[in-house]
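> sequence? don't have it. structure:
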């Protein structure tokens, strides 16, 4: 039974780690030294977030929001449980945490996280 559970866990984690992309490029293969994550609460859920990724790319006025989100192999937005879940995902895909900061947008605080590619 333990072997079955371990095999299932490995299969799920490898699918999660290798099936995600940004702009059609695997997260591990991104050709950028720094990225910035912006955590966005998913609807009224306290525990689910999507992550907007800034690669330093030019964003055109009519660019679809999904193009700068982490997408799964089926082209759907990846939803993370928490910011730490997202940070762990990016760590497993070759990035390390640098700093976090808050930006005021009207009456709301937006949390941003700066990561860099591991050497």
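Okay, I see it. On a predicted model such as this, the values are computed, not experimentally measured, just so you know.
> where in this protein is pLDDT low?
Across the chain, the ranges flagged by pLDDT under 70 are 1-19, 23, 42-46, 59-67.
> what about the helices in it?
Secondary structure of the chain by DSSP state H: the helices cover 2-18, 83-92.
> The closest residue in space to residue 71 that isn't next to it in sequence bridge partners, please.
Of all residues not flanking residue 71 in the chain, residue 21 sits nearest, at 5.5 Å (C-beta to C-beta, 6 or more residues apart in numbering). The way it works is simple: take the backbone N, C-alpha and C, and place the C-beta from them, glycine included. Beta-bridge partners recorded for residue 21 (DSSP bridges): residue 26, residue 71.
> Could you report the separation of residue 21 from residue 100?
For residue 21, the distance to residue 100 equals 24 Å [C-beta to C-beta, to the nearest Å].
> Looking at these two, which is more packed in?
Comparing residue 21 with residue 100 by other C-beta atoms under 10 Å, the one with more neighbours is residue 21, at 18 against 14.
> my read: the more buried one touches residue 27, true?
Yes - with contact defined as C-beta atoms under 8 Å, residue 21 reaches residue 27; the gap is 6.6 Å.
> Now do the shared contacts for those two.
residue 70 (C-beta atoms under 8 Å, 6 or more residues apart in numbering).
> quick one, what contacts the residue nearest to residue 71?
Applying C-beta under 8 Å, 6+ apart to residue 21 gives the contacts 27, 70, 71, 73.
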